[in-house]
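Asks: Sequence first, then the predicted structure, then my questions.
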Amino acid sequence: MSDHHDVIVIGSGAGGGTLAGHLAPSGKRILLLERGGWLPREPQNWLAGDVFVDGRYQTPDTWYYSDGSPFAPQVHYYVGGATKLYGAALYRLRAEDFGVLRHADGISPAWPIAYDEMEPYYTQAEQLYQVHGARGEDPTEPPASAPYPFPAVSHEPRIQQLSDDLAAAGLHPFHAPCGILLDEGNMPYSACVRCANCDGFPCLVHAKSDAEVISVRPALEHPNVTLMTGAEVIGLETNPTGTAVTGVVVSFGDHTETFTADLVVVSCGAANSAKLLLASATERHPNGLANGSDQVGRNYMFHNSQAVLALSKEPNPTIFQKTLGVNDFYFASEAYEFPMGNIQMVGKSQAPMFRGEKPGETRFAPSWTLRDVAEHAVDFWLSTEDLPLPGNRVTLARDGNVQLSYTASNDEPKQRLFHQLRDMLAGLGMHHGHLLPHHAYLKNEIPVAGVAHQAGTCRFGTDPQTSVLDPDCRAHEVDNLYVVDTSFFPSIGAVNPALTAMANALRVGDHLLERMSATVPGGARADAPA
């Protein structure tokens with residue numbers, strides 16, 4: 001049994017890493033446990049073949065589909081979690097996403113808190129993660145109490161042309177909110193060099209606003225914070241009544257240790273957080289820890305996404321492409337009675353990304369090579385809301401690993417969004433009919449293996465019968481247990497979930513500081529009456 005801590009945080013990604021950074025100045029003893037290590041800084045960070053085709057940074061874990069067949073999940077275990085390889089698109093959910101929304105395949109439920117309660121923390125998260133953006137361009141954007149802390153990342157000429165063409169067609173393209181450490185006004189001193197190897201790559205020069213760079217490293221400057229890497233949490237122990245976590249069991253490969261803390265925060269990612277709670281079943285919690293509602297593992301969501309490339313008649317020499325978004329079809333509109341979703345640019349295609357793929361990028365013209373395709377590609381990511389279905393769930397396979405049952409929802413809106421993109425681009429200098437599926441992000445042909453944007457599995461709510469966590473993200477049944485990754489989402493919206501996870505971690509962090517009667521420099525006493 002090791003020394004006692006005030007807080008143990010399990011996982012160092014968008015949720016756990018942000019929380020650890022927020023709590024660090026309090027002086028409370030914080031133990032941050034990360035099953036992975038530091039992502040190595042090496043030339044392969046920026047080599048598309050190594051990252052996208054060979055899966056150099058992908059976990060060797062095996063997960064299982066509902067029929068028991070295995071697959072390799074495209075997840076990454078490093079300090080900073082999934083943010084190490086994310087695209088740093090840091091969107092707020094729309095205000096309407098916090099309420100009930102009617103979709104083609106059913107209802108997207110309301111959250112137990114309103115957008116107004118999250119808004120101050122969205123603002124804090126944007127400031128912390130140095131988000132670049134422009135208010136007022138996106139017609140669906142929610143109210144904000146402050147401007148973006150940094151100006152929008154500028155469009156390169158081909159993308160500016162696309163933006164102008166879309167605006168001329170009556171749409172409302174906007175500068176996508178982006179978390180990179182870029183100073184376009186003073187590039188000799190900019191950490192970000194605006195390279196082509198950002199979206200889906202680790203950043204070799206630490207210029208991406210990931211949780212390691214922004215939150216974990218600053219947290220470790222405080223002597224009260226300890227990080228342990230190679231530390232996989234395999235179980236949570238409780239007191240005899242099952243009302244509190246009394247031990248966090250950690251595997252270091254060749255041995256295990258148990259750590260204790262007043263408060264325990266789980267932030268392993270939606271699938272692995274559910275796995276941990278299910279694996280921590282006790283006599284008092286026979287179906288898994290905090291699972292009296294039978295909701296742990298259920299309502300798994302990961303966005304009904306499509307990565308597609310359009311082929312421009314002119315070469316597309318863009319280097320940093322992920323600067324534009326379109327939300328005109330995010331909600332129900334004259335075009336369709338139900339929401340369709342979000343359209344955004346993704347990182348620029350590179351020829352090595354196509355190696356080993358099977359979407360037939362070269363079938364349209366025998367004289368074209370994969371290099372030609374990459375040079376003319378304009379790449380998009382389309383996200384349609386995935387509904388929280390009870391049958392879409394994480395359970396434990398016989399070997400204790402994740403077993404994932406999943407059926408996609410909202411397929412018709414997904415297809416309509418694809419056709420909207422095709423129609424949008426028809427007269428904008430694109431090759432007719434050449435809008436092709438592109439699986440650079442989902443190399444495995446079965447999209448669920450991509451597990452990007454996963455959420456749900458431990459939804460928060462006010463009713464312990466239908467939710468796992470209360471509105472403060474504390475387990476209804478276990479007083480000192482919290483979950484702060486995207487597991488808490490009751491619905492996922494149609495924009496990237498990272499900023500919401502970061503904002504919520506700050507929100508829950510304030511609650512934990514108040515619970516511990518802690519103070520942070522520059523802030524009011526956390527135990528002061530509200």
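Replies: Cool, the structure landed. Here the structure is a predicted model, which is why all the values come from computation and not from measurement.
Asks: Just the helices from the stretch 251-400 of the chain, written as ranges.
Replies: Remark: helices assigned in the stretch 251-400 of the chain by DSSP state H, counting those that start in this stretch are 270-279, 370-376.
Asks: between the ones you listed, which gets the lowest average pLDDT?
Replies: Lowest mean pLDDT of the helices of the stretch 251-400 of the chain: helix 370-376, a mean of 82.
Asks: Figure out which of the helices of the stretch 251-400 of the chain is closest to residue 45.
Replies: Nearest of the helices of the stretch 251-400 of the chain to residue 45, taken as CB to CB: helix 370-376 at 19.6 Å. Any C-beta I mention is one placed from the backbone N, CA and C, and that applies to glycine too.
Asks: From the chain's centroid, how far away is that closest one?
Replies: Here the centre of helix 370-376 is set off from its chain's centre by 29 Å, with CA atoms, centre = their mean, to the nearest Å.
Asks: elements contacting that helix?
Replies: The elements that helix 370-376 packs onto, with contact taken as 3 or more CB pairs under 8 Å, 6 or more residues apart in numbering; DSSP states H and E, are strand 304-312.
Asks: Keeping just the C-alphas, turn the strand it packs on into PDB.
Replies: Output of strand 304-312 as PDB, limited to C-alpha atoms (Å, rounded to 0.1, in the frame of the first residue of the first chain):
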ATOM      1  CA  ASN A 304     -21.400   8.700 -37.700                       C
ATOM      2  CA  SER A 305     -18.500  10.100 -39.700                       C
ATOM      3  CA  GLN A 306     -17.200  10.100 -43.200                       C
ATOM      4  CA  ALA A 307     -13.800  11.100 -44.400                       C
ATOM      5  CA  VAL A 308     -14.000  12.000 -48.100                       C
ATOM      6  CA  LEU A 309     -11.900  13.700 -50.700                       C
ATOM      7  CA  ALA A 310     -12.900  15.800 -53.600                       C
ATOM      8  CA  LEU A 311     -10.600  16.100 -56.600                       C
ATOM      9  CA  SER A 312      -9.900  19.600 -57.600                       C
END
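Asks: coming back round to it: of all the helices of the stretch 251-400 of the chain, which lies closest to residue 110?
Replies: Short answer: helix 270-279, nearest of the helices of the stretch 251-400 of the chain by CB to CB, at 19.6 Å.
Asks: count of neighbours near residue 470?
Replies: Neighbour count for residue 470, taken as other CB atoms under 10 Å: 16.
Asks: hang on, the earlier thing: please tabulate the helices of the stretch 251-400 of the chain in a markdown table, including the columns mean neighbour count and distance to residue 46.
Replies: Shown next, in a markdown table, are the helices of the stretch 251-400 of the chain (neighbours: other CB atoms under 10 Å; distance: least, CB to CB, whole Å):
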| stretch | mean neighbour count | distance to residue 46 |
| --- | --- | --- |
| helix 270-279 | 26 | 28 |
| helix 370-376 | 18 | 16 |
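Asks: so which of those helices comes closest to residue 322?
Replies: When these are ranked by proximity to residue 322 (CB to CB), helix 370-376 comes first, at 15.8 Å.
Asks: okay, how far is it across stretch 307-318, tip to tip?
Replies: In stretch 307-318, first residue to last residue: 18 Å (CA to CA, to the nearest Å).
Asks: Return the set of buried residues in that stretch.
Replies: Applying a neighbour-count criterion of 16 or more other CB atoms under 10 Å, one finds 307, 308, 309, 310, 311, 312, 316, 318 buried in stretch 307-318.
Asks: which residues of this protein score low on pLDDT?
Replies: 1-2, 355-368, 431-451, 522-530 (pLDDT under 70).
Asks: just the helices in it please.
Replies: Under the criterion DSSP state H, helices of the chain are mapped to 16-23, 48, 115-128, 157-168, 211, 217-220, 270-279, 370-376, 411-425, 498-515.
Asks: For the residue lying closest to residue 138 once chain neighbours are set aside, list the residues it contacts.
Replies: Of all residues not flanking residue 138 in the chain, residue 174 sits nearest, at 4.2 Å (CB to CB, 6 or more residues apart in numbering). By CB atoms under 8 Å, 6 or more residues apart in numbering, the contact set of residue 174 is 134, 137, 138, 141, 324, 325, 326, 327.
Asks: Measure how buried the fourth one is and give me the count.
Replies: Using other CB under 10 Å, the number of residues around residue 141 comes to 18.
Asks: my guess is it meets residue 94, correct?
Replies: Yes - Residue 141 is in contact with residue 94 according to CB atoms under 8 Å; the separation is 7.5 Å.
Asks: deepest of the helices of the chain, which one?
Replies: Comparing the helices of the chain by mean neighbour count (mean count of other CB atoms under 10 Å), helix 211 ranks first with a mean of 34.
Asks: how close does residue 465 get to residue 295?
Replies: 9 Å (CB to CB, to the nearest Å).
Asks: The two: which is more packed in?
Replies: Legend: neighbour count by other CB under 10 Å for residue 465 and residue 295, higher for residue 295 (25 against 10).
Asks: My guess is that one contacts residue 463. True?
Replies: No - counting by CB under 8 Å, residue 295 stays clear of residue 463, with 10.2 Å between them.
Asks: Go ahead and measure how far stretch 399-413 is from the middle of the chain.
Replies: With CA atoms, centre = their mean, you get 17 Å for stretch 399-413.
Asks: re the thing from before, let's see which of the contacts of residue 174 end up in strands.
Replies: Here DSSP state E is the test, and these give 324, 325, 326 as lying in strands.
Asks: and the longest strand along the chain, which strands flank it?
Replies: Ranked by residue count, the top strand of the chain under DSSP E comes out as strand 256-266. According to DSSP bridges, strand 256-266 forms sheet pairs with strand 4-10 (parallel), strand 245-251 (antiparallel), strand 481-483 (parallel).
Asks: if I pick the closest residue to residue 248 other than its chain neighbours, what's in contact with it?
Replies: Nearest residue to residue 248 in three dimensions, chain neighbours excluded: residue 259, at 4.7 Å (CB to CB, 6+ apart). By CB under 8 Å, 6+ apart, the residues touching residue 259 are 1, 2, 3, 5, 8, 31, 33, 247, 248, 250.
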